[in-house]
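Chemist: Sequence plus predicted model, see below.
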Amino acid sequence: MAFKKNLEEKTLDVDAAMQGTLSFKDPVNLRINGKFEGNLDTRGNLTIGTQAIINADIIGDNIIIGGKVKGKITARERLTLLPQAVVDGHIYPARLNIAEGAVLQGECTMLHDFLNPEQLAKYLEVELSSIMEWANTGKVPANKENNDWKFERKAIDAWVASGKIAK
């Protein structure tokens, strides 16, 4: 495995075949050029190089894909598919940029700044009844407008990152 760390820029290059879970609490610039299988949970910038082959569920802020990715991709800020990208799976971007030549096979559900209970249940992959219980007991950050619950996605992401979610 080849790891190159630059602490000033917090850049991590992965040029190896890996499997498992990579999770980052602090923002980093992560670049994957090899093969990866498992789960990626990143903050900051994630770049999937043109030679990379990824079979993973990915959650990140700013995700740029140049290689092959199979799995569910959630981009809190932006998802960019470069001309060589081949993506097979369901994508959930806040903003989406697809270059001419990129291939997307699957579904796209845009992330909104505010979610209703059904959207939040799908976003967090929990039962709707759990969302309603959390909202009614004040466990989850929420606002009630005209008897309807609204959830700000950024507040939900911070709440999840804090570890307060209890699935």
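Modeler: The structure has been received and is ready for your questions.
Chemist: ok but Ile131 is inside a strand, no?
Modeler: No. Going by DSSP: H, G, I helix; E, B strand; the rest coil, the assignment for Ile131 is helix, not a strand.
Chemist: what's it in contact with, if anything?
Modeler: 117, 120-121, 124, 140, 149 (Cβ atoms under 8 Å, 6 or more residues apart in numbering). (Glycine included, C-beta is placed from N, CA and C.)
Chemist: of the residues you listed, closest to Ser130?
Modeler: Ala121 (7.4 Å; Cβ to Cβ).
Chemist: where along this protein do the helices fall?
Modeler: Under the criterion DSSP state H, the chain contains helices at 117-124, 128-137, 153-161.
Chemist: now these in TSV, with distance to Leu96 and mean pLDDT?
Modeler: Output for the helices of the chain, formatted as TSV (distance: least, Cβ to Cβ, whole Å; pLDDT from 0 to 100):
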stretch	distance to Leu96	mean pLDDT
helix 117-124	16	89
helix 128-137	25	94
helix 153-161	15	87
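Chemist: and of these, who's closest to Arg76?
Modeler: Per Cβ to Cβ, nearest to Arg76 of these: helix 153-161, 6.1 Å.
Chemist: Compute the inter-axis angle for the closest one and helix 117-124.
Modeler: For helix 153-161 against helix 117-124, the angle by axes from the mean of the first three to the mean of the last three Cα atoms, to 10 degrees is 50 degrees.
Chemist: what's next to helix 153-161, contact-wise?
Modeler: 25, 76, 94, 111-115, 120, 123-124, 140-141, 165.
Chemist: What's the ChimeraX syntax to select whichever of these are buried?
Modeler: Here is the ChimeraX command that picks out the buried ones among the contacts of helix 153-161, judged by 16 or more other Cβ atoms under 10 Å:
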select :76,94,111,115,120,123,124,140
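Chemist: picking that back up, pick the most buried one from the helices of the chain.
Modeler: The highest mean neighbour count among the helices of the chain, using mean count of other Cβ atoms under 10 Å, belongs to helix 117-124: a mean of 18.
Chemist: to the chain's geometric centre, what's the distance from it?
Modeler: In terms of Cα atoms, centre = their mean, to the nearest Å, the centre of helix 117-124 is found 15 Å from the chain centre.
Chemist: Same question for stretch 44-63.
Modeler: On Cα atoms, centre = their mean, the centre of stretch 44-63 falls 9 Å from that of its chain.
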